[in-house]
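S.K.: Next come a sequence and a model predicted from it.
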Amino acid sequence: MLYIKCPYCGLRAQKEFSYGGDATVKRPNINEEVSSEDWDNFVYMRKSPRGKHIELWQHIAGCRQWIKVQRDTATHEIFQTAKVTEEIR
Amino acid sequence: MSQPFRLNKEGLINRNKKISFTFNGKKLFGYEGDTIASALIANGIHLVGRSFKYHRPRGFFGAGVEEPNAKLQVEFNGHSEPNVNATEMELVEGLSATSQNCWPSVNFDIGAINNFLKMFFPAGFYYKTFMWPKSFWYKIYEPFIRKAAGLGVASIEKDKERYEHKFEYCDLLVTGSGPSGLASAYAAAKNGAKVILAEDKPRFGGTLLTDDVSIDNLSGKDWAEKIISELKSMPNVTVKNRSQVFGYYDHNMLVMFERVSDHLEKKSKFTPRQRLWYIRAKETILSTGSIERPIVFGNNDTPGIFLSAAAKEYMKVYGVLVGKKPLIFTNNDSAYETALEFKKNNVEPIILDTREEHSSELIDEAKSKGIDIRFSHGVIVANGYKKVKSAKIGKLNKDKNSFEKIETVDCDCICVSGFWTPSVHLASQSGNKLKYEEKIDAFIPDKKKQHETSVGAANGSFTLEESLKNGFENGSNLSAKITDTKAEIAIPNVNEKKYGAHDKFWCMPLPKNENPKRFVDFQNDVSVSDIEIALREGYRSIEHVKRYTTLGMATDQGRTSNLNGLQLVSNIENKIVPEVGHTTFRPPFTPITIGTIVGREVGMEYMPTRKTPMHEWHEKNNAVFVDAGAWKRPRYYKQGNETLFEASKREAKNVRENVGICDVTTLGKIDIKGPDAAEFLNRVYTNAWMKLPVGKARYGLMLREDGIVMDDGTTTRISENHYHMTTTTAQAANVLSHLEYYLQIVWPELNVNVVSTTEQWAGAAIAGPKSRDMLSKLYPDLDVSNDALPFMGYKEADFFGVPSRIFRISFSGELAYEINVKSDHGMFMWEKMMEVGKEFGNQPYGTEALSTLRIEMGHVAGPELDGRTIPSDVSLNGLVSKKKDFIGKNSLGREAFNVESRQKIVGLIPIDRKSSIPEGSHIVQDQNAKLPNPKLGHVSSSCWSVENNNPFSLAIMKDGKNMIGKKFFAVSPLKNKSIEVEVISSHYVDPEGKRVRS
Ligand SMILES: [Zn+2]
């Protein structure tokens, strides 16, 4: 079971969180024209990297904040966690 | 009542307490502190079971977790458990053990014929033989194999025991209380670290209990006791015996299995039987020790053949002799200690040492005690069927592949030692890629992936001095990093015997024309010839050889067989062992009970039960409940002998004719507040929200970004910047997360807050033509006329002294209202409604009637919004704004969503107006068509229309809008039904929606 550091609550067990997918995907702006290709990329296309991946998790059984987690998809090592307003490099 | 193999004094058992038990029906006794194995051996019993494939007689081989053979069905404390390891299970009064895998009995086993037909049971036998013809597998082969083979029998009784889970955090977890484990725990504890020390066995100390050593002038056992009692007195240390750390998971999470009370005769009602510990450790010391490996020889599975260290443990811990005429067969010095122990107890052993004549401290001692030592010797084959009677032994030539001399010697047990294998399972589970250590012919941990450090024998250091030093240093250094304290610790003086080098010898050759079975894996009956066959047939990867032969795949995970198997493969393949590699170690290290994994989450505790504030009233009024997620909802209120069908029909009819009330507390409720709330709703819902006035509700539809309908519900504007959203019961949690996602990540600039208020409000729907009359009695001071409180209107009013919210919304399609009061007032509201409603013929209705009412109105719900439908599929495209953007809008333009023949919701009625159409039925043109019969759609919801008094269903159908008036078949192969149906509009009752507005 992973041990995830919520930037608001500290280290918490994985069972308090739910997974939210790739954190680097950006939704096209509302009320703006978007090409079908860009839209399809946003809705469907995801990379499935082996290695470092920046992803979203929600601390559903805690502060309910969505957070960013940089995790190795092969080893599950977590390098960094951050608020969604912060950058992970 | 004498025990012929019990020594008079030796051992750590309590001779003042006799314990009686039975084995295969025979009444026996042992002492407190015995295991089932030690008590049976004391009684001279060695035949405990039959082997898996050939049903050969099997006896005890080890004295602990390494035991491959002695798995028993054990009944104690009122329950029956299969595959209990006889070498680990402690004796308790009244315990009854029986052999497994034998039929009809362990002494006469019909399956033993397999032993004589063994040419039919080579490697890959199951794959090859039973695969053809296929139908034979289910009917003939499998049932037979199940009866003749198989391990124990799982109980079908409900497990009455209590199991617990515990979550623990520590600085240092130490797994194993041998010398290196004790030293590590002690050093870390002195540094002030929070330490957990786990020991699998009942007694702490590991090899210190059996090795002839001294530490600071104390015997190993006394030193261990001293350290343990000091550790126990420290507040920062938890010391646990009977606790096996069996799994090493991500982020230094280890799982431990504690046998809390299996060894107790009496315990309190709330004492758990076993406990599962989830331990998050900052650092882990793996002091799991090592396991002796056997040397392979002919009929090496005969009862009476033991690992040499096990024989010593039986003497020193249990005061039991495994035999009185022992042969000690070894390639190293450690077995000499077993020989010396026998000698000390006046038993004369013969040592067969595969090494050429040489000397070492132990050999010299054995010689000086007059023990018969035969160098360059080994056991070729054991004789005896149910117990060893003699052994054919041979003097090896220099090449160790042939014999100079062969003779037979009498013996009643053979104690074998092929050197030591570090227990690296936990290290391997943690992700550590192991490395092969030539010096000891075994794998040891290599580079760490997690915070684990192997010490002592688990790391390949087999001397006490090294183990202690290793333990103290690592325990001290690892904990100092955490606690920032480094206490001074004096490393004790050690007195131990020096071992000579071991012989890299692991398998006895066979003389010409002799072909006894030589087992590598006892539990799965894998012999040398099986592995040879697998390699001859072209299997190369060790993982494939493992699966083809089942080597190391039994419940003992190949603890005594893995390395010998690898040696064999590497010999045949002419490779070195590290090139062959090793198979993967996986948790659990030892079998654990399902009860422990489940813990307290059984029955009512499986998940929380959510009850509405009116639950007790429903119970008292014969409600039959249905699960809606964690919620309990009344499905119908049973009157007399009514069936579900009759009751729901009565309830629904009463709503259509009079008035009914329904508990709608379970609907999801979300409070939405903030100056940008309207803008937010406008983006979340498909329809327009900017102009909804205060005091009005609106039905809304929300999509996922891929255009699929996510949920529907009404949202009411309570005040300028305050909205009250309702969701379906099932989607409440998902919708909240969805809203939070957009507010926190996508549109953080919107000043809006959302919070769940589902638990804060109790809700009741009042539905039916007489609902307004009833409402006016509930609110005598309020104008509830159609003008003052129109459809989709909202009012806040006093309900007999209690604040309440009135929403004029309808799910049933009738004139209806929904009243919300604070949860604490829910019961008061409900009882008042029942009282006031009497004169209008009010009756409560459950979810079944609720479904009937919405289905015949053509209102969609979960079965239609099933994650595959877009708004137009369910005739809700009127709610989709063309003017504004919203979540999922861009996806609605996708080609597949807009084809002419796109699926659409329709209504179905049976041609005979009688036959109910099963939900899930497929709609087909021709009921007799050849399979696969082209499917045109499926039935999503079915009811008995109370308005028209015949069955009615909703269906999602391809090109649905052009199918009205046509006839098809609804077929349900599951129910073996085929019903001719006519397609009609999904709005079967009141298609114009006049009633809700009346
Ligand atoms: Zn948090």
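M.R.: Cool, got the structure. For clarity, every value in this text was computed on a predicted model and none was experimentally measured.
S.K.: Burial check on residue B:787, number of neighbours?
M.R.: Here the number of neighbours of residue B:787 (other Cβ atoms under 10 Å in any protein chain shown) works out to 7. All C-beta spots, glycine's among them, are computed from the backbone N, C-alpha and C.
S.K.: counting contacts, what elements does the helix or strand encompassing residue B:701 pack onto?
M.R.: Counting by DSSP states H and E, the element that carries residue B:701 is strand B:697-703. Under the contact criterion of 3 or more Cβ pairs under 8 Å, 6 or more residues apart in numbering or on different chains; DSSP states H and E, strand B:697-703 touches helix B:677-684, strand B:709-719.
S.K.: Taking strand B:709-719 as reference, get the angle to it.
M.R.: Angular relation of strand B:697-703 and strand B:709-719 on a 0 to 180 degree scale: 150 degrees, by axes from the mean of the first three to the mean of the last three Cα atoms, to 10 degrees.
S.K.: Past the strand or helix carrying residue B:565, which element shows up next along the chain?
M.R.: Here residue B:565 sits within helix B:562-573, counting by DSSP H and E. Moving toward the C-terminus from helix B:562-573, the next helix or strand (DSSP H and E) is helix B:577-580.
S.K.: List of residues touching that next one?
M.R.: Applying Cβ atoms under 8 Å, 6 or more residues apart in numbering or on different chains, the set of residues contacting helix B:577-580 from outside is B:435, B:436, B:441, B:542, B:563, B:566, B:567, B:569, B:570, B:573.
S.K.: which among those residues gets closest to the ion?
M.R.: Using Cβ to the ion, residue B:435 comes nearest to the ion of those, at 40.7 Å.
S.K.: Once you drop chain neighbours, what's closest to residue B:896?
M.R.: Distance criterion Cβ to Cβ, 6 or more residues apart in numbering or on different chains; nearest residue to residue B:896, sequence neighbours excluded, is residue B:902 at 7.9 Å.
S.K.: Only the buried residues of the helix holding residue B:565, if you could.
M.R.: Across helix B:562-573, burial judged by 16 or more other Cβ atoms under 10 Å in any protein chain shown covers B:562, B:563, B:564, B:565, B:566, B:567, B:568, B:569, B:570.
S.K.: of all the residues you listed, which two lie farthest apart?
M.R.: Spanning the widest gap among these are B:562 and B:570, at 12.4 Å by Cβ to Cβ.
S.K.: Report how many residues lie close to the residue nearest to residue B:896.
M.R.: For residue B:902, the neighbour count with other Cβ under 10 Å is 15.
S.K.: what secondary structure does it sit in?
M.R.: coil (DSSP: H, G, I helix; E, B strand; the rest coil).
S.K.: what's near enough to touch it?
M.R.: Residues in contact with residue B:902 (Cβ under 8 Å, 6+ apart) are B:872, B:873, B:896, B:958, B:959.
S.K.: and what of residue A:78?
M.R.: The neighbourhood of residue A:78, defined by Cβ under 8 Å, 6+ apart, consists of A:2, A:3, A:4, A:5, A:69, A:70, A:71, A:72, B:251.
S.K.: try it again with 7 Å
M.R.: Residue A:78 sits next to A:2, A:4, A:69, A:70, A:71 when contact means Cβ atoms under 7 Å, 6 or more residues apart in numbering or on different chains.
S.K.: any idea how far it lies from residue A:13?
M.R.: Distance, residue A:78 to residue A:13, using Cβ to Cβ, to the nearest Å: 13 Å.
S.K.: what helices or strands is the helix holding residue B:565 leaning on?
M.R.: Applying 3 or more Cβ pairs under 7 Å, 6 or more residues apart in numbering or on different chains; DSSP states H and E, we find helix B:562-573 packed against strand B:519-521, helix B:528-536, helix B:542-549, helix B:577-580.
S.K.: Reformat those as CSV; add distance to residue B:699, mean neighbour count and mean pLDDT.
M.R.: Formatted as CSV, the helices and strands packed on helix B:562-573 follow (distance: least, Cβ to Cβ, whole Å; neighbours: other Cβ atoms under 10 Å in any protein chain shown; pLDDT from 0 to 100):
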stretch, distance to residue B:699, mean neighbour count, mean pLDDT
strand B:519-521, 67, 28, 94
helix B:528-536, 67, 19, 90
helix B:542-549, 58, 20, 86
helix B:577-580, 68, 17, 83
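S.K.: closest one to residue B:445 among the ones you listed?
M.R.: Nearest of these (Cβ to Cβ): helix B:577-580, 14.2 Å.
S.K.: all strands for chain A, in order.
M.R.: Per DSSP state E, chain A carries strands over the ranges A:3-6, A:10-13, A:18-22, A:52-58, A:66-72, A:78-83.
S.K.: and stretch A:77-89, does that touch the ion?
M.R.: No: figure legend: stretch A:77-89 not in contact with the ion (Cβ under 5 Å from the ion); closest approach 10.1 Å.
S.K.: center of the chain - which residue?
M.R.: In the absence of a named chain, this looks at chain A. For chain A, the residue nearest the mean C-alpha position is residue A:56 (1.7 Å; Cα atoms, centre = their mean).
S.K.: my bad, chain B
M.R.: Centroid-nearest residue in chain B, with Cα atoms, centre = their mean: residue B:597, separated by 5.5 Å.
S.K.: Excluding residues flanking it in the chain, which one is nearest it?
M.R.: residue B:276 (6.8 Å).
S.K.: So what's the gap between the host helix or strand of that neighbour and the chain middle?
M.R.: Residue B:276 belongs to strand B:274-286 when assigned by DSSP H and E. Relative to its chain's centre, strand B:274-286 lies at 17 Å (Cα atoms, centre = their mean, to the nearest Å).
S.K.: mind showing which ranges of the chain have poor pLDDT?
M.R.: Here I'm looking at chain A. Scanning chain A for pLDDT under 70 picks out nothing.
S.K.: if you could check chain B rather than the one you did, that'd help
M.R.: Along chain B, segments meeting pLDDT under 70 span B:1, B:101-104, B:106, B:108-151.
S.K.: ok, now with 80
M.R.: Low-confidence segments of chain B (pLDDT under 80): B:1-2, B:52-53, B:77-79, B:101-154, B:583-584.
S.K.: Pull out the buried positions in stretch B:6-24.
M.R.: Residues of stretch B:6-24 classed as buried by neighbour count (16+ other Cβ under 10 Å): B:6, B:7, B:10, B:11, B:13, B:19, B:21, B:23, B:24.
S.K.: Out of these, list just those in helices.
M.R.: In helices, judged by DSSP state H, none of the buried residues of stretch B:6-24 are found.
S.K.: Closest one to residue B:34 out of the residues you listed, please.
M.R.: Nearest member of the buried residues of stretch B:6-24 to residue B:34, counting by Cβ to Cβ, is residue B:13, at 5.7 Å.
S.K.: OK, contacts around that closest one?
M.R.: Residue B:13 makes contact with B:31, B:32, B:33, B:34, B:318, B:319 under the criterion Cβ under 7 Å, 6+ apart.
S.K.: Find the closest residue to chain A in chain B.
M.R.: Per Cβ to the nearest Cβ, the residue of chain B with the smallest distance to chain A is residue B:251, at 4.0 Å.
S.K.: quick one: the closest residue to that residue other than its chain neighbours from residue B:823, how far?
M.R.: Distances taken as Cβ to Cβ, 6+ apart put residue A:3 closest to residue B:251, at 4.0 Å, once the chain neighbours are dropped. Counting by Cβ to Cβ, the gap from residue A:3 to residue B:823 is 36 Å.
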